[in-house]
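**Student:** curious how this folds, go ahead:
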Amino acid sequence: MATYARYGRRRRRARIKVFTRGMRVTLFFMFLIFFVAFVLLLVRINFINEKSGDKYKKAALSQQAYTNAVLNYQRGAIRDRNDTTLAVSVRKYNVVFEPRTLRAASEEERETTLGELSAHFGVDRQTLDQAIEARPDSMYEHLDGLKELPQDTVDAFREKMKEEKKEKKITGIWFEETFKRNYPLGTVGCSLVGFMSSENQGTYGVEESYNDELCGTTGREFGYFDSNMDLQRTIKEARDGNSVVMTIDANVQQIVEQEIAKFQKEDVGAKRIAVMLMNVKNGEILAMASDALFDLNDPQNLSHMYKAEEISAMSEEDKKANLLDMWSNFCISYGYEPGSTYKPFTVAAALDENKVNENSTFTCNGVVKVADREIHCSNRAGHKTLDLRHSMMESCNAALIAIGTKLGRASFYEYNRLYGFGQRTGVDLPGEASGLIHEKEQLNPVELATSSFGQTQTVTMVQMMSGFCSLVNGGDYYQPHIVKEIRNSAGAVVETVNPTVIKKTTSVETSKKIRSFLLSTVEEGTAAPAKVKGYSIGGKTGTAEKVGRNKKNYLVSFIGCTPAEDPEVAIYVVIDEPHVSDQAHSTYATEFAAKIMKKVLPFLGQYATETKKEV
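**Tutor:** Numbers count the residues shown, from 1 in each chain. Next up is the predicted model:
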């Protein structure tokens, strides 16, 4: 008996399995795998919902007996400083029809609905019947011929149905409100305004940089069939986007663009030409344009820049590259050597550091030996002896080399940075470049000499314009900006972009002297062609020899302001490689600047008076 009991205990112990460490590890890893898979599934579901939720929801509508429609918001408008509309979202309508409802309707309702749709909107009746047969249980269907209908067409249909007392016989269709972006002025301000991408996102210009303000919030319309098969709806209204008011004047912008087009087609032409106008006293950009134009309503069209045969000969890669170049804003995105328009900055720095004064004199023999290099002046015969004023008036390289040497590389570098070079200005437009200047340790004698008169370092137009305005307004460096204010959908101002002084670049005394030198440069010096009758203009020319010096390609320019005594408006003209054999003449830029100022200054509140000769 005892033996049998021991045998029974051994069998019971054999049936008791031990939960080993290996089994616990296996179970843990299985749990971990299932947990990770569950988390990944949740992430994937959330991603699909964010990315394509609306698409799948609409697809689901075709299988269900309820509706769930997106109510689109109206994107905010873009206007100029005078409230001229530059971009607006125009209300359009898509006809949505419900095959399930139409199949359940009476013969009279069905025939009236489809017959009137076909007659009024020009859609083939057979196409409608086929669409219903293809998706008989759908509650949400579109047809290409019934999309983006103008409001007057839809209103006419509704009115006709009302007059003929047929509106109660129309069933299973409704009008889905949508919006299409429209640019009433076409090419005007194209690189500033920007356009909408195929994903309905702002691209380039204000459309991109203020996309969050311009966008609103979509709404929803929920509907379901109750027990009596009546459609019950719940609506969550959409919130429209804010509107943006730009600092530019559309009239001035258009004039500038027209003059650029004339220069390219009727005058000498150039590889690239660009113009900026800015309010000296608050940093507002009044106009900004280049020869790269495109129609905002058709931004993929290259015909504004190239001939038909040139476009047809392009590869797909060439087309993409040319489109990117056409859409880019030269005034903020491209760096170049400025040449002598940089000289006022060097002179101002030396004055503020007490390295020179108005009575300082310089000797120019036409060439200066710096280290192992010979650097020539624009006047190969030499200017002989010049004071500080005439050094700028005659644009003497030898004098500027001497001034730069007196300033020294440490101070030159610090002032270069103070004026905003080698760094982005923070202008409220996408795609800004920073330019390239020499680091302090790189400013050896040759680099210091050439940089002092605007060679061997690169700048952007918006940098030059912002720094120049600070030189002539008393030293206040304003944040350059393209937007003036933001308004809500009701038209109330919700944000005003106030002028912002970023830093002080020069003293009031130095600023006054620079203005005086600039006025003399236009009245009696190298910038004489920039004169405009009845206006006091101060300014400086530039003739920069481009890299690859032996090719003799030049970028010529003029930067100036008016009234010279107390500047309000600044202008900057850059002409890259004029289409002439002898490019090294700033006259192309000064004459062009004068032509523009004569036409646009009255629009900017600047009117011709007796020119003053002193500042």
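**Student:** where does Leu40 land on pLDDT?
**Tutor:** Note for Leu40: predicted pLDDT of 86.
**Student:** same thing with Met161?
**Tutor:** 78.
**Student:** same thing with Ser340?
**Tutor:** Confidence score, pLDDT, at Ser340: 97.
**Student:** and the one 10 residues further on, by the same measure?
**Tutor:** We have a pLDDT of 98 for Ala350.
**Student:** and what of Thr234?
**Tutor:** Reported pLDDT for Thr234: 76.
**Student:** where does it sit: helix, strand or coil?
**Tutor:** Put simply, Thr234 is strand when judged by DSSP: H, G, I helix; E, B strand; the rest coil.
**Student:** what sits against Pro184?
**Tutor:** By C-beta atoms under 8 Å, 6 or more residues apart in numbering, Pro184 lies in contact with 85-86, 88. Bear in mind the C-beta positions are built from the backbone N, C-alpha and C, glycine included.
**Student:** am I right that it is in a strand?
**Tutor:** No: Pro184 sits outside any strand when classified using three-state DSSP, being coil.
**Student:** returning to what we had before: can you tell me which of the contacts of Pro184 has the most neighbours?
**Tutor:** The most crowded member of the contacts of Pro184, judged by other C-beta atoms under 10 Å, is Leu86 (25 neighbours).
**Student:** ramachandran angles for the residue lying closest to it once chain neighbours are set aside?
**Tutor:** Closest residue to Leu86 apart from its sequence neighbours, by C-beta to C-beta, 6 or more residues apart in numbering: Ile78 at 4.7 Å. Reported as degrees, to the nearest 10, the phi and psi values for Ile78 are phi -120, psi 130.
**Student:** likewise Ala544?
**Tutor:** phi -100, psi 120.
**Student:** what ranges do the helices span in the stretch 251-400 of the chain?
**Tutor:** Along the stretch 251-400 of the chain, counting by DSSP state H, counting those that start in this stretch, helices occupy 308-312, 316-327, 330-333, 343-352, 388-393, 397-407.
**Student:** for the stretch 51-200 of the chain, that is, sorry about that
**Tutor:** 99-104, 107-121, 125-134, 151-163, 190-193.
**Student:** tell me which of the ones you listed sits nearest to Tyr415.
**Tutor:** helix 190-193 (30.5 Å; C-beta to C-beta).
**Student:** stretch 310-330: which residues count as buried?
**Tutor:** Judged by neighbour count (16 or more other C-beta atoms under 10 Å), stretch 310-330 contains these buried residues: 322-323, 326-330.
**Student:** correction: the previous question concerned stretch 143-159.
**Tutor:** Within stretch 143-159, the residues that qualify as buried are 143, 146, 149, 154, 157, counting by 16+ other C-beta under 10 Å.
**Student:** for stretch 586-605, same thing?
**Tutor:** Judged by neighbour count (16+ other C-beta under 10 Å), stretch 586-605 contains these buried residues: 586-597, 599-601, 604.
**Student:** still on that earlier bit, any chance of CSV for the buried residues of stretch 143-159, columns pLDDT and distance to Gly172?
**Tutor:** Shown next, in CSV, are the buried residues of stretch 143-159 (pLDDT from 0 to 100; distance: C-beta to C-beta, whole Å):
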residue, pLDDT, distance to Gly172
Leu143, 78, 13
Leu146, 85, 13
Leu149, 89, 17
Val154, 88, 17
Phe157, 85, 15
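**Student:** ok, these vs Met465, which is closest?
**Tutor:** Within those, proximity to Met465 (C-beta to C-beta) peaks at Leu149, which comes in at 45.6 Å.
**Student:** my guess is that closest one contacts Lys92, does it?
**Tutor:** Yes: using C-beta atoms under 8 Å, Leu149 is in contact with Lys92, at 6.3 Å.
**Student:** and which of the buried residues of stretch 143-159 is nearest to Gln423?
**Tutor:** Of all these, Gln423 sits closest to Leu149, with 50.2 Å by C-beta to C-beta.
**Student:** the helices of the stretch 251-400 of the chain: which one's closest to Thr456?
**Tutor:** Among the helices of the stretch 251-400 of the chain, helix 397-407 comes nearest to Thr456, with 11.8 Å by C-beta to C-beta.
**Student:** who does whichever helix or strand comes after the closest one touch, helix- and strand-wise?
**Tutor:** Using DSSP states H and E, the helix or strand that follows helix 397-407 towards the C-terminus is helix 409-418. Contacts defined by 3 or more C-beta pairs under 8 Å, 6 or more residues apart in numbering; DSSP states H and E place helix 409-418 against helix 343-352, helix 445-452.
**Student:** among those, which is the most enclosed?
**Tutor:** Across the helices and strands packed on helix 409-418, averaging neighbours per residue (mean count of other C-beta atoms under 10 Å) puts helix 343-352 on top, at a mean of 25.
**Student:** tell me the angle that helix makes with helix 445-452.
**Tutor:** If you take axes from the mean of the first three to the mean of the last three C-alpha atoms, to 10 degrees, helix 343-352 sits at 110 degrees to helix 445-452.
**Student:** give me the angle between helix 343-352 and helix 409-418.
**Tutor:** Using the same axes, to 10 degrees: helix 343-352 against helix 409-418 is 120 degrees.
**Student:** hey, C-alpha coordinates of helix 343-352 in PDB?
**Tutor:** Provided in PDB are the C-alpha atoms of helix 343-352 (Å, rounded to 0.1, in the frame of the first residue of the first chain):
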ATOM      1  CA  LYS A 343      32.000 102.800 -50.900                       C
ATOM      2  CA  PRO A 344      29.600 104.900 -48.700                       C
ATOM      3  CA  PHE A 345      29.800 102.200 -46.100                       C
ATOM      4  CA  THR A 346      33.600 102.200 -45.900                       C
ATOM      5  CA  VAL A 347      33.600 106.000 -45.700                       C
ATOM      6  CA  ALA A 348      31.000 106.100 -43.000                       C
ATOM      7  CA  ALA A 349      32.900 103.600 -40.900                       C
ATOM      8  CA  ALA A 350      36.100 105.600 -41.200                       C
ATOM      9  CA  LEU A 351      34.300 108.800 -40.200                       C
ATOM     10  CA  ASP A 352      32.700 107.200 -37.200                       C
END
